[in-house]
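Asks: 3D, please:
(chains A and B)
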Amino acid sequence: MNQSTAERTDVKAAPPARRPVLSRIAAATGPATGAIAGIVILTVILALTQPVFLTWGNITNLVGANSVTLVLALGATFVLLAGGLDLSIVAASAATGMVFGLMLQSGADALPAIAVTLLAGLVFGLLNGVLTSYARIPFLVVTLGTASLFASIALLLNDGKTINVFDFPGFAFVNDFVLGQAFGIPFILMFDIVLVVITAVVLRYTKFGRGIYAVGSNAEAARLNGINVRLTTMLVYVIVGFTAALASLVQVGRLAGAAPTFDATLLLTVIAAVLIGGTAYTGGEGGVGGTVLGVLFLGVIQNGLTLTSVSSFWRGAVNGIVLILAVALGVARQYGWLRFGRKGR
Amino acid sequence: MNASEPALIRVENLVKRFPGVVALDDVSLEIRAGEVLALTGENGSGKSTLSKIVGGLYQPDGGRILVDGVERRLANPHAALEHGIVLISQELTLAPTLTVAENVLLGRLPRRGGAVDWPETRRRAAEVLAELGVHIDVERRVDSLSVELQQEVEIARAISTRARLLILDEATSSLSEGATLRLLDIVAGLSARGVAVLMITHRMPEIYASCSRAVVLRDGALAGEAPLPATAEHELVRMMVGRELLDYYGSRVAAPAGVVLEVEGLHTADGALQPVAFEVRAGEVLGVAGLVGSGKAELAMALGGAIPARGDVRVGGRPLRLGSPRRAIAAGIGYVPDDRRREALLPPRSVAENISFAWLGTITRFGFVRVAAERRDVAKVVADYGVKTSSLDKRITLLSGGNQQKAILGRTFARGCPVYVLNEPTRGVDVGSKSAIYGYIQALAEKGAAVVLISSELPELIGLSDRVAVFHHGGIRAVVSGDDLTEEVLGAYAVSGTRPGDHPSVVISTDTPTSADTPTSAVAGAGRTR
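Replies: Predicted structure coming up:
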């Protein structure tokens, strides 16, 4: 009711005039403005106070340390965009990591071991997907249940023991990939970039990706316009399972071991990164670009805490506060600063 | 009316700005006790902004508000309530998981000895609802009710407070004809008791039936004030849109050709739609009338594949397997649902995406969206269907209801279907946009589409349809065409399932001045609610 004059301007069929680069960036990253501001401020502070911070060694360390989070967060972005949530993602990753460890232990080559691990991830994802979309069980219930199930599977696979994979023949390839580099650029950074580009293209330029946004925005409208809502929802969970397996490969590669237990705060970090990046928990809004920024922001915070020798016990507190502030910023952006009353839902 | 007595509410020189827009520009008006004042204008003219300021939801950027001649600051809805101002808006503000009784008396539950007096709560809630003529179990949870009944609960809550000014912001937009009529009766009753009512609506019959004066806004400014019913309808419409609306319903060269849509024995398992049979020819508009709950909405949903249904439906001779929107689309049925926000819009997405997501099957190649083609086709829809937006990338929810609806209709019409099923295509749309939409429907039929138009506005059906099928209790009771196509005949079939005269108790209100080229809408007879 209150934007009448803005609408009076007719749109011409011609494409909109080019806008200045800065405002284009601002428009493209709109909801992630908080994350960007946070990264810039932290970077300036750390660069001025910690000489180590801007060294190439620290930066590659930062990338390596956050690759697992990034891969998981890319998967979580899909599911949040579709209006769901996957609480089993970290547990699934632990279980697929154990599958990878067992495969290597059995003397398998790297490629078959990787293939079986990814397949396991797809199966885990398929289970979540079928239960949420076709059996119509609420996603929180399903993924809470499967999180527990996958965690158990991870323990059962090798009787709760960590598998030290360093000496197995199949591991060399993975190890080289995760820790190696070309022209001074770590392979893992290239891997991250490729993965980000692929997911961004899928979400923005494919029928499937557009379907995800439609389903997350309004599932009934999507259904009435011919989008296969159940299939889309199911595939989203399959993708999450796949990224969980990918993340486990990176994790095993970095640690040279497959552990049946996992850091319980990782799930929170992953989801927080996606939300800080401006993806709406209500679905249909956000994207991969924001998620990268969210992961980077939390990674820089973590790096800063390490460099300044602050106890790692603070990490959860800082992540939590940042999450709430970032989402509050998003809400404030949407509803207007300090304005009471709603301008429509 | 004592002129020396200060007005109940007087607003002076109100200004309200939103980022980039002046929503209200120097608007003044006053409302006296017992007066029923219509506030009208097109979507986006500032009606709701004004009502939200008076209701305490928004703070003005300039101007002042006087209650009983004393300047007051209405900082929030609670402050407004203390002055007896109650706002009922389009958006429901009920607690969905609480019972009807709790909602009616929300915040004012009667107590006895510190605990809530539940028998008294139920009794008082039932009393208020009975006053409204609504009979629902006060123990039911509000989210188990239809939207229409929820609206009535909201109204019951409002009238159970000691309101001195009741603001009804499009309160009738989701009500059936019968419920609307009852609400208008209540408005008259409240007015007789000295309560002032500010009615925000663009439904002409309601304005003429209830109000003694109309204030018209256009683009945030006062466009005029008119005494009622002395001012003719076309004069009022001219004030609203700023120009003369000639040929309101448009016209087409009627040349219905071969049968495109054949329906036989179409019904739903729950009995809401009982077996119906009809045919629609190419170039023909079949109107569908009926009260809420008569089965007309189910017919639309069944044809669109939105709900499971059984029966024999053929499009161009080919049988359609029912129950799937995807199959309906593939068969060539373009379905537009009646509930824009729940069934048609992607609220967080842009205008462009809201249009193109409906074409994902056709604008993709090998799974990839053909971006250039998408952009071009979206721009064409926006231009062809007059969607007013400053950018294709703007959030669709920032557009007015009329422009949202044009985008939804445009994306469906752009599919080039042989059959269209349009369920209430002009609901919640201002007169200017309505007239434009009528023109698009006429053009569809002229180009050879078979159109099924489901509507609760009889004048719209009469103005556009070749024939009108009237639903009553789940089935088609009559198919009316030619000289019989009048509000009296349609209204009688809709209310009682029989012709006028056969049923002497049926009363149709047509005591409003109308002219051929202006809008009127159906407020026909005493209906029933689900």
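Asks: who's in contact with the residue sitting furthest away from the middle of chain B?
Replies: Ranked by distance from the centre of chain B (Cα atoms, centre = their mean), the top residue is B:Gly113, with 44.7 Å. Under the criterion of Cβ atoms under 8 Å, 6 or more residues apart in numbering or on different chains, B:Gly113 has no neighbours. Yep, even glycine has a C-beta here, placed from its N, CA and C like the rest.
Asks: ok, and the closest non-adjacent residue to residue 225?
Replies: By default, I'm working from chain A. Sequence neighbours aside, B:Ala358 is the residue nearest to A:Asn225 in space, at 4.3 Å (criterion: Cβ to Cβ, 6 or more residues apart in numbering or on different chains).
Asks: try again with chain B
Replies: Leaving aside its chain neighbours, B:Glu225 sits nearest to B:Val215 (5.3 Å; criterion: Cβ to Cβ, 6+ apart).
Asks: Now do the SS call for that neighbour.
Replies: Following DSSP: H, G, I helix; E, B strand; the rest coil, B:Val215 is assigned to strand.
Asks: Run a quick check on it versus B:Ser28, I expect a contact.
Replies: No - counting by Cβ atoms under 8 Å, B:Val215 sits too far from B:Ser28 to count as a contact (9.7 Å).
Asks: Now for the two: what residues contact both?
Replies: Common contacts of B:Val215 and B:Ser28 (Cβ under 8 Å, 6+ apart): B:Leu222.
Asks: And these two? Which one has more around it.
Replies: B:Val215 (24 against 13; other Cβ atoms under 10 Å in any protein chain shown).
Asks: Could you list everything that one pairs with in the sheet?
Replies: Beta-bridge pairing of B:Val215 under DSSP bridges involves B:Leu39, B:Glu225.
Asks: What distance do you get for it to chain A?
Replies: According to Cβ to the nearest Cβ, to the nearest Å, B:Val215 and chain A sit 16 Å apart.
Asks: what does B:Phe368 give?
Replies: Taken as Cβ to the nearest Cβ, the span from B:Phe368 to chain A is 6 Å.
Asks: what sits against that residue?
Replies: By Cβ under 8 Å, 6+ apart, the contact set of B:Phe368 is A:Tyr205, A:Thr206, A:Lys207.
Asks: Now, those that are in strands?
Replies: The members of the contacts of B:Phe368 all map outside strands under DSSP state E.
Asks: and which of these is nearest to chain B?
Replies: A:Lys207 (4.3 Å; Cβ to the nearest Cβ).
Asks: Could you find the closest non-adjacent residue to that closest one?
Replies: Leaving aside its sequence neighbours, A:Lys207 sits nearest to B:Thr364 (Cβ to Cβ, 6+ apart; 4.3 Å).
Asks: Number of residues surrounding the closest residue to chain B within the stretch 51-200 of chain A?
Replies: The minimum distance from the stretch 51-200 of chain A to chain B, using Cβ to the nearest Cβ, falls at A:Leu81 (10.0 Å). A:Leu81 sits with 26 neighbouring residues when counted by other Cβ under 10 Å.
Asks: Tell me the spacing between it and B:Ile155.
Replies: Using Cβ to Cβ, to the nearest Å, A:Leu81 is found at 38 Å from B:Ile155.
Asks: ok, back up a step: pretty sure the residue nearest to A:Asn225 contacts B:Arg411?
Replies: Yes - B:Ala358 is within contact range of B:Arg411, at 4.4 Å (criterion: Cβ under 8 Å).
Asks: who's more crowded, these two?
Replies: The neighbour comparison of B:Ala358 against B:Arg411 (other Cβ under 10 Å) goes to B:Ala358, with 29 against 24.
Asks: For A:Val79, which non-adjacent residue is spatially closest?
Replies: Counting by Cβ to Cβ, 6+ apart, the residue nearest A:Val79 is A:Asp86, at 4.8 Å.
Asks: quick one: average confidence on stretch B:290-300?
Replies: Per-residue pLDDT over stretch B:290-300 has a mean of 89.
Asks: I meant to write stretch A:97-117 there.
Replies: Mean per-residue pLDDT for stretch A:97-117: 95.
Asks: which residues does A:Asn218 contact?
Replies: Listed by Cβ under 8 Å, 6+ apart, the contact set of A:Asn218 reads A:Gly284, B:Arg342, B:Glu343, B:Ala344, B:Leu345, B:Leu346, B:Pro347.
Asks: what about 10 Å?
Replies: Neighbouring residues of A:Asn218 by Cβ atoms under 10 Å, 6 or more residues apart in numbering or on different chains: A:83, A:224-225, A:283-284, B:341-349, B:354, B:357.
Asks: Check B:Val36 too.
Replies: By Cβ under 10 Å, 6+ apart, the residues touching B:Val36 are B:166, B:168, B:184, B:187-188, B:190-191, B:195-199, B:207, B:209-213, B:228.
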